[in-house]
Structure formats: structure tokens, C-alpha cells
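Engineer: Structure, please.
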Amino acid sequence: MNAALPAASVIEADVRRALSEDLGEGDLTARLLPPGQRCEAEIVSREDLVLCGRDWAEACFRALDPAVRIEWLHRDGEHVDGGARLCRIEGAASGIVSAERSALNFLQTLSGTATTTRHHVDALANSHTRVLDTRKTLPGLRQAQKYAVRCGGGTNHRMGLFDAVLVKENHILAAGSIAAAVARARAVAGDRMVEVEVENLDEFDQALAAAPDRIMLDELTDADVREAVRRNGGRVQLELSGGVSLPRLAEIAALGVDFVSIGALTKHLRAIDLSLRVLRRW
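Structural biologist: Sure, this is the predicted structure:
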């Protein structure tokens, strides 16, 4: 899976924040280690996963030991069986043990998002419906989590409020109508995507007449979704949101929508169980 990494500056900032949070003014326990001691360690997965977060983990170790040697045995986006070794690490023992928790936190969290995304993508494998993420991400880790979604085979929705317009209920109320809101959105968005969220077929008809790039069908019944697909006739992209669960994805795909957005990919996190083990020291 070729998913473009965030900029190096983003990864470095994430890692600085994590290490500062964990180390504070210094790792007291690491002072128990003999000065100059070196060690070899490995990171092992205790369960199946889609790997994600190598660059964040590696940056944690390198921040404390620039000379550390890390050999990765799997790529981001690759399925790895439980019990497999993810990487081998050799360097200053104090640097490895001090960076361990932050490195594992990145790996277990981002691999969790990538793994969950892959399950949802696989459930839609025989349809044209694609999995979208949302902005329901951990504060400060949006780019990292959206990268994890891409590693899992999903597609990113807008990164933030700056790169697309999603016209929702409050925007419509303030503008006076769906047509007025879309017209204003077109004026301010330039060539960026304009999407409208609707909650019933009457609003859908108004949105369709306003010709946005995409319409989000929020909490509509399956019957109304089918009718919206029929009325649309392929004119604009259709996205389904709300009430989405993994067991229901096959039913959703059969409705004929282009996208299904799933907040659970990034907000209902289940971290992957990983372990760092020291193999030898000298």
C-alpha cells in the first residue's frame, strides 16, 4: 500500500510532543542502567495487524540515540500475523528503553486505525463504494491517523475546515436556504469540493438542484437512500453517513452510494497489542 507520508516536520512535531510528555525532565528509571551499555531489542506483535507508524516509532528512537540501527521487517500497510517480529533495534540501551513507550504508542495506535480500516475496506471489496474517514480524530494526531486510514486502504475526507466545504444544518439556517448556502460556498471555496449534508428527501432534492460536488445522506432510511440514488442518476457523488457498522457494510454497498463515512475508524480506537523485548546487552 503506497500511502504518502505526512511531511517530516509533522512527524517530528508529533514525536517531540510525545517524548516531552513522557520524559519530562528525564527518565529516572533509565539511570539504573550502566553508562554506555548497548543492547539489541525487537518489537513483536501479539496479534494480527496492518502495520502503520514506522516513521513515528523510528523518530522516537533516533531522537534519543541518533546512531541507533533499526531494521524493519515489514512495510506500513502490510498485513502482519500475530507473533511476528516487526523490527530489530540496536543502540544505546538507555535510548531504547526511554523511547520504548512513545514508539509503541504510535505503532499500536496507528496500526489499530489501519487494521480497523482494512476490515471495513475488505467488507466493501466487491462494490464501488469507498470508505471515508472523518475529522473525529485524536487532537494533534490528525495527519498521522489519516495516513493510517490510507495505509488500511481507506480514503481521506477533508483534512480540516480549510480544504473543502461541508454545508450542514446550521450553515443552511444561517444562509436561508440550501441553494443560498451552496452558492455562497462556491464563491468562497474556489476549486475545492463543496458538499451538502441532507436529512430527508426534500432536502436532497434542494441540494441536487443546487449542484454541489457531493451530497451526504445523513441517517436516511435504506428506502430513502435507494430513492436518492435513483433521483440522482449519477449527477453528483453520494456519501452515506450515520448508523454505519461493519456488519452492515454489505447492505450499504448494495444501496449504490459512492462513499460511506465512518467516524469509528479514528475515534473508536482499539490499540494493537505490541511488545518490545531486549534480546541481549553488552
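Engineer: Confirm that Leu279 sits in a helix.
Structural biologist: No: applying DSSP: H, G, I helix; E, B strand; the rest coil, one finds Leu279 to be strand, outside a helix.
Engineer: Nearest spatial neighbour of it, chain-adjacent residues omitted?
Structural biologist: For Leu279, the nearest residue in space outside its immediate sequence neighbours is Glu40; the separation is 4.7 Å by C-beta to C-beta, 6 or more residues apart in numbering. Glycine gets a C-beta too; all of them are placed from N, C-alpha and C.
Engineer: what's the span of stretch 148-156 from first residue to last?
Structural biologist: The straight-line separation of the ends of stretch 148-156 (C-alpha to C-alpha, to the nearest Å) is 10 Å.
Engineer: Pull the residues that contact that stretch.
Structural biologist: For stretch 148-156, the external contacting residues (C-beta atoms under 8 Å, 6 or more residues apart in numbering) are 1, 3-4, 50-53, 76-77, 110-111, 113-118, 120-122, 130-133, 146, 259, 265-266.
Engineer: Recalculate using a threshold of 7 Å.
Structural biologist: Contacts of stretch 148-156 from elsewhere in the structure, counted by C-beta atoms under 7 Å, 6 or more residues apart in numbering, are 1, 3, 50, 52, 76-77, 110, 113-115, 117-118, 121, 130-133, 146, 265.
Engineer: Looking at the residues you listed, which are in helices?
Structural biologist: Assigned to helices by DSSP state H, the following of the contacts of stretch 148-156 qualify: 110, 113-115, 117-118, 121, 146, 265.
Engineer: need those in CSV with neighbour count, can you?
Structural biologist: As requested, those are exported to CSV (neighbours: other C-beta atoms under 10 Å):
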residue, neighbour count
Leu110, 30
Thr113, 33
Ala114, 31
Thr115, 23
Thr117, 27
Arg118, 22
Val121, 18
Lys146, 25
Leu265, 27
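Engineer: which of these lies closest to Arg62?
Structural biologist: Ranked by distance to Arg62 (C-beta to C-beta), the ones in helices among the contacts of stretch 148-156 are led by Leu110 at 17.5 Å.
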